[in-house]
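Asker: A predicted structure for the sequence below; I have some questions about it.
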Amino acid sequence: MKPVQIKEVVLHTVKMKLIAPFTTSFGTFQEKHVCLVEAIDESGISGWGETTTSDEPYYNEETTHTAVYMLKDFLISRIIHKTIEHPLDVHDMLTFVRRNQIAKSAIETAVWDVFAKKNNVPLSELIDGTKTEIEVGKSIGIQATPEKLVEKVGEYVEEGFRKLKVKIAPGADLDYIDAVRKAFPDIPLMADANSAYTLNDVDQLKQLDQYNLMMIEQPLAHDDIIDHATLQKEIQTPVCLDESIHSLEDARKALQLGSCRIINIKIGRVGGLGESIRIHDLCRDNGVPVWCGGMLETGIGRAHNIALTSLSNFTIPGDTAPSSHYWDEDIIEPEVTMDHGIIQVQTGPGIGFDVNREKLEQLTVEKESITTAVTPHPMP
Ligand SMILES: O=C(O)CCC(=O)C1=CC=C[C@@H](O)[C@@H]1C(=O)O
Ligand SMILES: [Mg+2]
């Protein structure tokens, strides 16, 4: 494989509006800024990454603003003008900055894309993916009533989604799940609590066991694996961790403690594709299934998610619904489409989609080009 050298990074901060508001246990959102990271190599090839952040630090400690600051002031200076033999090397180049995983992921995934394009291979092939198509799930925000939720689930079952994920929180849990199960006794159904419960709610969470859920995602604190291990011993439903897993080390400890039986891998949350692959491999070697979580990405992040999901141990459908479920018009061409719950893994070089530069310009609120490794901070 030919190494790559990034000569310029352009940060395109865009304002995106979802086709409908999305409600979780920590709020309702429809508009957000994200930063699309374009890494241009010495021959002019562009690779793309995305900060899977929003404008508020409610999912994790990052926002698009903090991610852009980290990229500009710390991370890009460590990457630019360096000869990168393989994108797997980028992770260690960035560990001098603590956490800020989504910011790291945005530049790391852009390097994966430009490296794959330079070597004329699809990203899925570069990471040794084995699947040519992936099964797709749908994540449904909290609805106003159980009846509204049943209606939404019905729509998505009709579209062929292979996993239905419903958001729950205290006061919007048992009656909602009960209504869905009464209407759809056999569909692959899971719940995501986004840390809305504590160990004081064990009895409430035990009652979910009667509904044969695939899993309950992140019921307890966003930074916990100890209490989740206690909870998993008390309930039948498999616990899946999302927010608690920021790295391979977190995943190793969680498996060792029995904190979960499934892991939701999000490329941004764990700091990039390299760490995602390492967590995938750890889980595969321990018989723990994984799936690819979503962060309401544009088509760039979605393209990376689809490529990642081509790895063999992604045996549970991910939150990778097609572009039309998020945007009136995506910024990639062609858009991500789905046929009865199946998305074809893209076969073009790199992420396998082009960026619609006209659409990108329309949505851009700020654009900054970085061509030097200068940083205003003393560097370790
Ligand atoms: O991208 C998708 O469709 C999944 C969206 C989704 O479920 C989430 C996005 C961002 C944070 C959370 O609210 C939630 C999750 O925890 O997976
Ligand atoms: Mg989640």
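Answerer: Thanks, I have it. Numbering: from 1, shown residues only. Ligands and ions are numbered 1, 2, ... in the order given.

Asker: from here on, contacts and neighbour counts on C-alpha atoms
Answerer: Will do.

Asker: Can you list the strands that the longest strand along the chain pairs with?
Answerer: Using DSSP state E, we find that the single longest strand of the chain is strand 4-24. In the sheet, strand 4-24 lines up against strand 27-41 (antiparallel), strand 83-84 (antiparallel), strand 364-370 (antiparallel) (DSSP bridges).

Asker: The longest one and ligand 1, are they touching?
Answerer: Think strand 27-41. No - for strand 27-41 and ligand 1, the contact criterion (C-alpha under 6 Å from any ligand atom) is not met; the two come no nearer than 8.4 Å.

Asker: Can you tell me which of the strands paired with strand 4-24 is nearest to G299?
Answerer: strand 27-41 (10.5 Å; C-alpha to C-alpha).

Asker: So which bits of this structure are right by ligand 1?
Answerer: Counting by C-alpha under 6 Å from any ligand atom, the residues of the chain near ligand 1 are 24, 59, 139, 194, 293-296, 319.

Asker: before we move on, back to that, so which of the strands paired with strand 4-24 comes closest to E234?
Answerer: Of all the strands paired with strand 4-24, strand 27-41 sits nearest to E234, with 28.6 Å by C-alpha to C-alpha.

Asker: Would you indicate which residues of that closest one are buried?
Answerer: Within strand 27-41, the residues that count as buried by 16 or more other C-alpha atoms under 10 Å are 29, 31-41.

Asker: Any chance of JSON lines for those, columns pLDDT?
Answerer: Below are the buried residues of strand 27-41 laid out as JSON lines (pLDDT from 0 to 100):
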{"residue": "F29", "pLDDT": "95"}
{"residue": "E31", "pLDDT": "97"}
{"residue": "K32", "pLDDT": "97"}
{"residue": "H33", "pLDDT": "98"}
{"residue": "V34", "pLDDT": "98"}
{"residue": "C35", "pLDDT": "98"}
{"residue": "L36", "pLDDT": "98"}
{"residue": "V37", "pLDDT": "99"}
{"residue": "E38", "pLDDT": "99"}
{"residue": "A39", "pLDDT": "98"}
{"residue": "I40", "pLDDT": "98"}
{"residue": "D41", "pLDDT": "98"}
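
Asker: of the residues of the chain next to ligand 1, the lowest pLDDT goes to which?
Answerer: Among the residues of the chain next to ligand 1, T24 carries the weakest pLDDT, at 86.

Asker: For that residue, grab the count of nearby residues.
Answerer: Using other C-alpha atoms under 10 Å, T24 has 20 neighbouring residues.

Asker: Quick check: the gap between it and I343.
Answerer: Noted for T24: a distance of 25 Å to I343, by C-alpha to C-alpha, to the nearest Å.

Asker: Would you convert the strands paired with strand 4-24 into a markdown table that also reports distance to L11?
Answerer: Shown next, in a markdown table, are the strands paired with strand 4-24 (distance: least, C-alpha to C-alpha, whole Å):
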| stretch | distance to L11 |
| --- | --- |
| strand 27-41 | 5 |
| strand 83-84 | 20 |
| strand 364-370 | 5 |
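
Asker: Nearest to P238 among those strands would be which one?
Answerer: Closest to P238 of the strands paired with strand 4-24, according to C-alpha to C-alpha: strand 27-41, at 25.3 Å.

Asker: Just the CA atoms of the closest one, as PDB, please.
Answerer: Only the C-alpha atoms of strand 27-41 are listed here, as PDB (Å, rounded to 0.1, in the frame of the first residue of the first chain):
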ATOM      1  CA  GLY A  27     -33.800  16.400  24.900                       C
ATOM      2  CA  THR A  28     -35.300  17.100  21.500                       C
ATOM      3  CA  PHE A  29     -33.200  18.200  18.600                       C
ATOM      4  CA  GLN A  30     -33.700  19.100  15.000                       C
ATOM      5  CA  GLU A  31     -30.900  21.500  13.900                       C
ATOM      6  CA  LYS A  32     -27.200  21.100  14.500                       C
ATOM      7  CA  HIS A  33     -23.800  22.200  13.300                       C
ATOM      8  CA  VAL A  34     -21.300  19.500  12.300                       C
ATOM      9  CA  CYS A  35     -17.800  19.900  10.900                       C
ATOM     10  CA  LEU A  36     -17.000  18.000   7.700                       C
ATOM     11  CA  VAL A  37     -13.200  17.400   7.600                       C
ATOM     12  CA  GLU A  38     -11.600  17.300   4.200                       C
ATOM     13  CA  ALA A  39      -8.100  15.900   4.200                       C
ATOM     14  CA  ILE A  40      -6.300  16.600   0.900                       C
ATOM     15  CA  ASP A  41      -3.100  14.700   0.000                       C
END
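
Asker: so how far is it from its chain's centroid?
Answerer: How far strand 27-41 lies from its chain's middle: 13 Å, per C-alpha atoms, centre = their mean, to the nearest Å.

Asker: shaky segments in the stretch 101-250 of the chain?
Answerer: Applying pLDDT under 70 to the stretch 101-250 of the chain flags no residue at all.

Asker: Run a quick neighbour tally on the closest residue to ligand 1 within it.
Answerer: Minimum separation of the stretch 101-250 of the chain from ligand 1 (C-alpha to the nearest ligand atom) falls at S139, amounting to 5.0 Å. By other C-alpha under 10 Å, 24 other residues sit near S139.

Asker: Report the central residue of the chain.
Answerer: Per C-alpha atoms, centre = their mean, the C-alpha nearest to the average position across the chain is that of K266, at 3.4 Å.

Asker: Spatially nearest residue to it (excluding sequence neighbours)?
Answerer: Nearest residue to K266 in three dimensions, chain neighbours excluded: G293, at 5.1 Å (C-alpha to C-alpha, 6 or more residues apart in numbering).
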